Every structure is written in C-alpha cells, then in structure tokens.
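Chemist: predicted model and sequence follow; I will ask about them next.
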Amino acid sequence: MTVKLSKNQKDIVKIVKGMDKAEYISAGHRACQGCGEVLAIRLMCKALGKDTVISNPTGCMEVISAIYPTTAWNLPWIHVGFPNAGSVGSGVEAGLKALRRKGKIADRRVKTVCFAGDGGTVDIGFQALSGAMERGHDMIYVCLDNEAYMNTGIQRSGATPFMASATTAPAGSAIPGNRTWKKNMAEIMVGHNLPYVATCCPSYPEDMMNKIRKAREVVGPSYIHCLAVCPTGWRSTSETCIELGRVAHETGFFPLYEVENGVYRITVDIPEKRTPMDEYLKVQGRFRHLTPEQRAIIQNRVDVEFNKLMNKVNHSVPWV
Amino acid sequence: MTDKKWPETWQEVNLGCMVFDAGNARTYLTGNWRAQRPIWDNDKCIKCGICYVFCPEGCINKTSDGYYAADMNYCKGCGICAYECPPKAISMTTEEV
Amino acid sequence: MSKRVGMEVTTACAEAAALCRIDVASVYPITPQSHIAEHLSSIVADGRIDAEYLTVESEHSALSAAMGASATGARTFTATASQGLIFMQEVMPITSSLRLPVVMAIANRAVSGPINIWNDHSDIMHTRDCGWISIFAQNGQEVVDMTIQAFKIAEHRDVLLPININLDGFQLSHMVEPVEMPDQEEVDRFLPEYKPYATLHPDRPITMGALGMPDMFAEAMMAKNSAIVNSKKVILDVWKEWKKLFGRKYEPIESYKTEGAKVLLVTMGSMGETAEIAVDEMREKGVPVGLLKIKLWRPFPFDELKKAIKGASVLAVTDRAVSFGGPGGPLFSEIRSALYDDPARPAVVNYIIGLGGRDVSVKDFIDMGKRALKAESKRPKEAYELFGVRAS
C-alpha cells in the first residue's frame, strides 16, 4: 500500500535524514501536552547547532525548562528578567565579541539568540528589543508568539488576536474579548532596517529551520516571528497543534514570509483561494463566543492585512 | 555534585543557583502526565520520521529496526504524532491506570 | 609611576575604569553621571582601550546588558544616578543573586518627585537591600582608588558580587580635583586578568537564572547574605594591599579627631570634608566634637562602628535621604539598630541634610555639633530632624 504524501509532508521527510539528532532541549521539560512553542524551540536549536548562547526572558519557556536544580538546556542559557531578553542578549553578544577579539575565549563564532514570548517581545520587552536591533548586535531575536501571557494564566498581550477571549480581555456580555488587532512585529522590525526578518511556524519545519539557518548567517541583527500554537490557552485540542499552524498560514492570517534587505517573499505557497477564517476560528475555544457578524469583521481585516503584504511582495525593492 | 541529596543545605546550593549538569531535566519523568498513549502499527508505518519531527518532547526515536517508538518515561500523550502520521500508523489508546 | 593630575572627578572615574582594562561598558547617560559616560566613550573611540561600549537605550538595559556581558566572563562597567538607578533596580538583586561582579559608579542624585538633578543619597538608599557591595567616596582620589579596588573586590573568588561606588553628584562628580592617577603598569600589577567562576559558552553549557522553588529559596538567600557579609574580609585585604602599593589608607569607618570627643558627627560621602573643617573649628574652641566618616555601607561595618564610637555620649548622624513615615534617615536607623543591644550605647540623633543639592555649610555642621551636645542630657522630642527646612 503506497501512501501519498502532501508536498508539505514530502518537505519534512526530506529533512529528517540530515537533521541534527541532538536534543538541545531535553525531554523532562514541563511544557503542556502538545505545546507548539517548545516544539518550535526544539527544532530551531537543531538548526542553530551547539555554538549558540541563549537569552531567555521570563515566560513559558523559561519556567518549563529551568527549575533549580534541573535544566532541560543542553546549550548555554541565561534568564534574568521579563523585559530584558534583548538587552541581556546584547550584553552576551558584546561580551563574546570582546573576549574573542582579545583572545580570551576560543576563536570561533558563537551566535547569540534570544528566545522570547510575545509578552516579552511585543509589550514589556519591546524597548530592549528595539534598542538591541537598532544597535545592530550580531544576534537573532526569535519571538515565540502564543498570543497571550500564557505562563501566568492566558492574560492578553499586544499580540492577542482581535476578539480572542483572554483572562484580562474576556468575552463578556458587554465586550467581546480583546479589542485591538494584533501588533505586527515583523513589520516593525522591517522598519528597524534589519537585513533579515521572517515569520515561521513549526508546522512547516523545513521552512522554519531554513529561516533560522539564514538568520544565523547574517552578521548583524535578524528577527524571526514564530507562531506558537498553544492548545491550553487557545482552547484547542493538543493533537491539532500542527494542523492549526497550517490553517493559520493557509487563511493568510499568519502567512509565512521573509524580508531580505527589504525584499518581501512568501516562502510557503498559499492557495489561491485562501481557507476561510471560520475554519480557523471554529476549532478554538477562545473564539467560540463570536457571532457570524464578528467573524465577518475578522475575515475582512485578514483580507486587508494579507493584501497589504502581497502589495509589498509584488513591489518591494532591495535596500542595497 | 551528584553526591548532594535534595533538599540542599544553603552551603550546598550551587553558586548563583547555576545549574551545571546540562539537560539533567531528564531525571524528571513526565510520562505520568499521560491520559493516553501512542501505539505504533509497524505494518502501516512508512518510516517517514514525521512523528519524530513533531514530538514536542523529542522522545520519539528510531528503534533498531528503523521504525519509531516513544519513550514512555516522557511521552505526555498529546496525540500530535498520531494526528500527523501520513499512513495513520499511530493510534492513541487510553492509558491504563 | 603615578602622576599627579587635576581633572574633573567624572573624568577621573572613567580613566580609572579604563585602567582596569574593562571588556564591556554599557552605559545610559543621566545627569550628573553623563560625563563619566561621555569620557569613557571617547577613551574607547580613541582606541585607548579595547572594549565594547554599548550605548543602550535605557538604564534597565544598561544593567541587563552588563549582566549578559559579565555572564560571558567579560569585565564589565556601568554608571548611573537617581531615576536611572531605580529604573535598573529591577535587575539589581538578580545581579547579586547570579553572582556577577559588575562594577557601577553612581553619581548620587535626588530621586524624583519633584524632579531634581542635584545631590543627595536618596537614590542609593532606595536600593539598600539589593545585595550589592556599596562604598562611598569622599573626594576625587577616593573615587579613582575605589573604582580600581572595586574590580579586585568584586572578582575575588570568595566574593563574586556586584559593587557600586558612590560619588556625590555635582558636589563631588563635577569638581576638578588633584588626583594621583596610577599608571597602567601599577594597575596591571594590582588587578590581574578576570578569571570567572563559570561562563556562558558552548564549550561548557550551563544554565544561569533557573527558577527557585519555595523549598530552596530561603537557602539561596542565606547563601547570598553569607556572601556579602563575608566579603568584608576581602575588602579589608584589598585595602591593606592598596596601602602597601600606593600608600593610601582605606578603612570602613575613618575617624577624625575623635579622641575625647563627647559628640561624634557621622557623615557618608563628600560632606565629610566640610564636617572636618567644622570639627577643626570646634576643637580649636574646645568644643568636644569629633567625626566619623563611613566609607563601607554594605556590608555594614558593625565591628568597626562599635570600636569607633567608644567613649562618645552622642552620635549626630547625618543622613541625606528621608525614609518617609519611617523611624528616621537610613544611616541613623541602621546605626541605632546596630547599637541597640550595647549597654554603653550613646544617644543617637539624626539630622537629615543636603536634600536635593541644598548646600550644607561649615556653620551648619557646627550648629549640629553644638545642638547634639545638649542631647546628652535632654533627648530631642523627634527622633529625626530635616535640618534647615523653612517652616511657617
């Protein structure tokens, strides 16, 4: 019996053989069942390799991975606080740079990488991120976006989608959940003149790991925004974690693209007729209160944002 | 370091509460979180490795005969492997108490 | 060979940090520290030292970046004042918990509300319990010496704690003073290359900043407290070595004309020099007032205090910060508490002076000294007094 694989599945099979088999974040971590965020990190670290130092702010990933006296990390890792992934990372990068130049540490490239949640990026970590990117540190900043302060109990963040129910923006009889559209961090980062900005999702692991590798090659700052499906906070089933990420891309709600020196490119094909947002919203409990009218508002805005992106894809020119 | 018993005295706490034993979270067995467990039907398995890629625990590995199996010490029973398996070779069954 | 030069104290501080061959500086400007930031950046820009200078976008980032750099094993320096210090306070206790030997110069300035750019100690007093070693300089020479000593103390294997050097903003920072500036060879002999305990590097991956559950948090705090208490031994050893190499003596509490004194004025920081002149004048007229100048604030010098006050009936402790609604100025409260169980304890009175840059004159110190004499027989009604405040 032959099994017909989709293009996506074929892409994954292609990379299995050559994939780094080391687990840089070991089993025994305390992430929820079906956590898309820890899966993303697990795969990204395989693309980064061992010559990596990680700056991780307070959030889900920090709490589930490092509880004294244990650590799931097989990479050098530092957690300081919530707002300072970008600034701690800047210091790590500067320290490694100075020490290597002065011959005090091994003469080989060690990449500084920040793994931060959406809270630690879009809200409280925004200033430090902006400063770090503006100063041009040789660093990858990865935002793992599960669209709320999940670690502390699903409170809304600046990345929480419009009308999603969060514990500090609950769907009530007077207000239908979160009141604002998600902050577009990728675009804000393009506005920082970064040589490389990309969106990704572990549902497309080949695409995601390629982007990480590309970011690693950049000598300077790069930004990756990764959609991290959170069954716990999104009230979806744990087994559909990967599926949801695919639907997010195919609706155009979270399209996978990259921006290299100002040139926009969609990196995973999106069907000509995008999947309707209803398919995405109906399987998540955080959207179950929505009326058909409210879902139509969301669909409309998704179309507007997607067209904005396609405009850039079709018309962007390189900066250099 | 492995001679220390938990809970540590204040003199035994690592300097700065640093953890020097990389990856020692392995000692925390998350397998008892499971409500259901994945069962592989190797007759159907096409050895594609997709289950290995998508396991958030990283606890699915190739067996000696090239098939795949989850380490039950860590498997949390999330069901992603069963859902994503192209030939539907993995089924989730209720964990026996 | 040390050279005697005249320079602004901020410049001297930056030069001292440069002599220590720092690897990374991460600084955000704030009055009155900015000259330290500026001069250090010009030293780097001229290639006089090989260091990464991070023009961070806030003080919170200044200390966070300094921590990241220190965690890789880099010798790291920062500086701030006032609002900047309280902004970075969020990460100060983490610096000491992670045992990162960051050195910070603080050009002490009043904490806002209303905004005030002039000198008092409210900034450092806000951060008393952060687990940092805290040392106060009185003049330009002390700023230079203490900055260089700071790296040696902080990086010592038995210490491994961050340390701040306090210099009064404007009153001291912007004075042009004569200093004996050590040369590079002398500093290299005194301060060896930093050998970190553990660093962030893939050759030996470690985890820094893990979560501490209730079942071990108290032990972690005990370890931290023990570290700062025991650091005093290293501080004294470093000061002993400094005296041998450079001939200048440093001690946790410096006594000035205390023999036979009934009243001891107590100061911390540059006002000690004004108080000295007041004590000279009073002694000339036979008024039995002496002076204690506190240099080591954290860890608190309990033993030295008990020794220094012997024979005095009254301590007139000057504070430069208010503990609103509290028992008195911070220095006063701690001295009083430290002496509480001493059966021969003197009376302790408190004058809170020089808030927000208000000048304190020699005459003011003479006033305080004479009034404190009366406290021997008649205790003041209030435990503390905001000295010289106009009232209707």
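Modeler: Yep, that arrived.

Chemist: so where do the strands sit in chain B?
Modeler: Under the criterion DSSP state E, chain B carries strands at the ranges B:36-40, B:60-62, B:68-70, B:90-94.

Chemist: most neighbours per residue, which of those strands?
Modeler: Comparing these by mean neighbour count (mean count of other C-beta atoms under 10 Å in any protein chain shown), strand B:68-70 ranks first with a mean of 21. Backbone N, C-alpha and C define where each C-beta goes, glycine included.

Chemist: chain center to it, what's the gap?
Modeler: 9 Å (C-alpha atoms, centre = their mean, to the nearest Å).

Chemist: quick one, which of the strands of chain B is nearest to residue C:231?
Modeler: When those are ranked by distance to residue C:231, counting by C-beta to C-beta, first place goes to strand B:60-62 at 48.7 Å.

Chemist: by contact count, what packs against that closest one?
Modeler: If contacts are counted by 3 or more C-beta pairs under 8 Å, 6 or more residues apart in numbering or on different chains; DSSP states H and E, strand B:60-62 sits against helix B:50-54, strand B:68-70.

Chemist: closest to chain A out of those?
Modeler: Go through those one by one with C-beta to the nearest C-beta and the one that ends up closest to chain A is helix B:50-54, at 5.4 Å.

Chemist: please see if that closest one touches chain A.
Modeler: Yes - interface with chain A: helix B:50-54 contributes B:50, B:52, B:53, B:54 (C-beta under 8 Å from any C-beta of the partner chain).

Chemist: now for that helix, which elements pack on it?
Modeler: Contact partners of helix B:50-54 among helices and strands, from 3+ C-beta pairs under 8 Å, 6+ apart: helix A:7-16, strand B:60-62, helix B:80-84.

Chemist: the second one: partners in the sheet, and parallel or antiparallel?
Modeler: Strands flanking strand B:60-62 in the sheet, each with its direction: strand B:68-70 (antiparallel) (DSSP bridges).

Chemist: neighbouring contacts of the strand it pairs with?
Modeler: Contacting residues not belonging to strand B:68-70 are listed as B:37-38, B:40, B:45, B:47, B:49, B:51-52, B:55, B:59-63, B:81 [C-beta atoms under 8 Å, 6 or more residues apart in numbering or on different chains].

Chemist: residue ranges for the helices of chain A, please.
Modeler: Listed in chain order, the helices of chain A (DSSP state H) span A:7-16, A:36-48, A:60-65, A:85-101, A:126-135, A:185-190, A:205-217, A:231-234, A:241-250, A:277-281, A:292-315.

Chemist: could you do the stretch 151-300 of chain C as well?
Modeler: Taking DSSP state H, counting those that start in this stretch to define them, one finds helices in the stretch 151-300 of chain C at C:184-190, C:214-246, C:271-284.

Chemist: most tightly packed of those helices?
Modeler: helix C:271-284 (a mean of 19).

Chemist: where does the stretch 51-200 of chain C get nearest to chain B, residue-wise?
Modeler: Per C-beta to the nearest C-beta, the residue of the stretch 51-200 of chain C with the smallest distance to chain B is residue C:99, at 3.9 Å.

Chemist: spell out the secondary structure type for that residue.
Modeler: Counting by DSSP: H, G, I helix; E, B strand; the rest coil, the backbone at residue C:99 sits in coil.

Chemist: pretty sure it is touching residue C:197, no?
Modeler: Yes - in this structure, residue C:99 sits in contact with residue C:197. The criterion is C-beta atoms under 8 Å, and the distance is 7.2 Å.

Chemist: between the two, which is the more surrounded one?
Modeler: For the pair residue C:99 and residue C:197, the greater number of neighbours falls to residue C:99 (26 against 14), based on other C-beta atoms under 10 Å in any protein chain shown.

Chemist: now do the contacts for the closest residue to residue C:87 other than its chain neighbours.
Modeler: Leaving out its chain neighbours, the residue that sits closest to residue C:87 by C-beta to C-beta, 6 or more residues apart in numbering or on different chains is residue C:59, at 4.4 Å. If a contact means C-beta under 8 Å, 6+ apart, then residue C:59 has C:28, C:30, C:80, C:83, C:84, C:85, C:87, C:88 as its contacts.

Chemist: up against chain B, what does the stretch 201-320 of chain A have?
Modeler: For the stretch 201-320 of chain A, the contact set with chain B under C-beta under 8 Å from any C-beta comprises A:202, A:205, A:231, A:237, A:238, A:239, A:240, A:241, A:242, A:243.

Chemist: for the closest residue to the fifth one other than its chain neighbours, give me phi and psi.
Modeler: I take that to be residue A:238. Once its chain neighbours are removed from consideration, residue A:238 has its nearest residue in residue A:34; the separation is 2.7 Å (C-beta to C-beta, 6+ apart). Dihedral angles phi and psi of residue A:34 (degrees, to the nearest 10) take the values phi 80, psi 30.

Chemist: my guess is residue A:34 meets residue B:57, correct?
Modeler: No - the pair residue A:34 and residue B:57 fails to qualify as a contact (C-beta under 8 Å) at a distance of 10.2 Å.

Chemist: what sits in contact with each of residue C:99 and residue C:197?
Modeler: Residues touching both residue C:99 and residue C:197 comprise B:15, C:160, with contact defined as C-beta under 8 Å, 6+ apart.

Chemist: if we can go back for a sec, any chance of the helices and strands packed on strand B:60-62 in CSV, plus mean pLDDT?
Modeler: CSV is the format used below for those (pLDDT from 0 to 100):
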stretch, mean pLDDT
helix B:50-54, 98
strand B:68-70, 97
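
Chemist: adding distance to residue C:189, write the ones you listed out as CSV.
Modeler: Compiled in CSV, these are given as follows (distance: least, C-beta to C-beta, whole Å):
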stretch, distance to residue C:189
helix B:50-54, 58
strand B:68-70, 61
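
Chemist: and of those, who's closest to residue C:244?
Modeler: For these, proximity to residue C:244 was assessed by C-beta to C-beta; helix B:50-54 is nearest, at 64.5 Å.
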